[in-house]
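Student: could you look at this predicted model? Sequence included:
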Amino acid sequence: DDGSGFWIAREGVRRALRAVDGRGPATLLVDRLAEAFGTPVPDPPSLRYALVDGALDQAAPVRLARHCPLVVRAAADGDAVAAAILDEAADLLAGSTAALRPRLGEPLVTVGGLLGPRGPLLHRFTARVAGWGLVPHPVGDGLAGAVALARAACAPGTV
């Protein structure tokens, strides 16, 4: 799940907590996550609890992943902490791609909310895999590709 929407949202919460504790740089994520969790609180001790409680309430990966766009928007608004999260997510996704041992120039089809058409990680990811001679081809739906792979895996004449 490295680099996924869940990973991005979880990192957003972790880094917001570090900012509140003074262990990390200030970030827009503190107020935005507190607001998203429905508990904007002005004082740091209460804010810390609001962020932890809000994140725990979203503990199911799918629920917490819904807050990924909040990190993307914070990065677009110039927040360096949020931008660093997106950079790390792209690094992790590129690492997963490298583990597949792609061949130079091999087609690379990407899909999903992060790497699909207009995905917020697409340009970061593209820059990372370009050195391997890979060019992502983002698609909105991976069904056609899955069918093509299934057909290619079948013996001739069985489909």
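Tutor: Received, thanks. Numbers count the residues shown, from 1 in each chain.
Student: can you pull out the helices in this structure?
Tutor: Ranges of helices in the chain, per DSSP state H, are 5-21, 29-36, 44-57, 61-65, 68-76, 80-99, 122-129, 143-153.
Student: what comes up buried for the second one?
Tutor: Residues of helix 29-36 classed as buried: 29-30, 32-34, 36 (neighbour count, 16 or more other CB atoms under 10 Å). All C-beta spots, glycine's among them, are computed from the backbone N, C-alpha and C.
Student: nearest to residue 154, of those residues?
Tutor: residue 36 (46.2 Å; CB to CB).
Student: which residues of this protein score low on pLDDT?
Tutor: Residue ranges of the chain with pLDDT under 70: 40-45, 48-49, 54, 58-61, 155, 157-159.
Student: kindly recompute the last result at 90.
Tutor: Applying pLDDT under 90 to the chain picks out residues 1, 17, 21, 31, 33-66, 104-107, 131, 140-159.
Student: any idea how far residue 77 is from the residue nearest to residue 87 when sequence neighbours are not counted?
Tutor: In this structure, residue 87 finds its nearest non-sequential neighbour in residue 124, 6.2 Å apart by CB to CB, 6 or more residues apart in numbering. The gap separating residue 124 from residue 77 is 17 Å, by CB to CB, to the nearest Å.
Student: between those two, which one's more packed in?
Tutor: Ranked by neighbour count (other CB atoms under 10 Å), residue 124 and residue 77 place residue 124 first, with 20 against 11.
Student: what sits against that one?
Tutor: Contacts for residue 124 were tallied using CB atoms under 8 Å, 6 or more residues apart in numbering; they are 86-87, 89-90.
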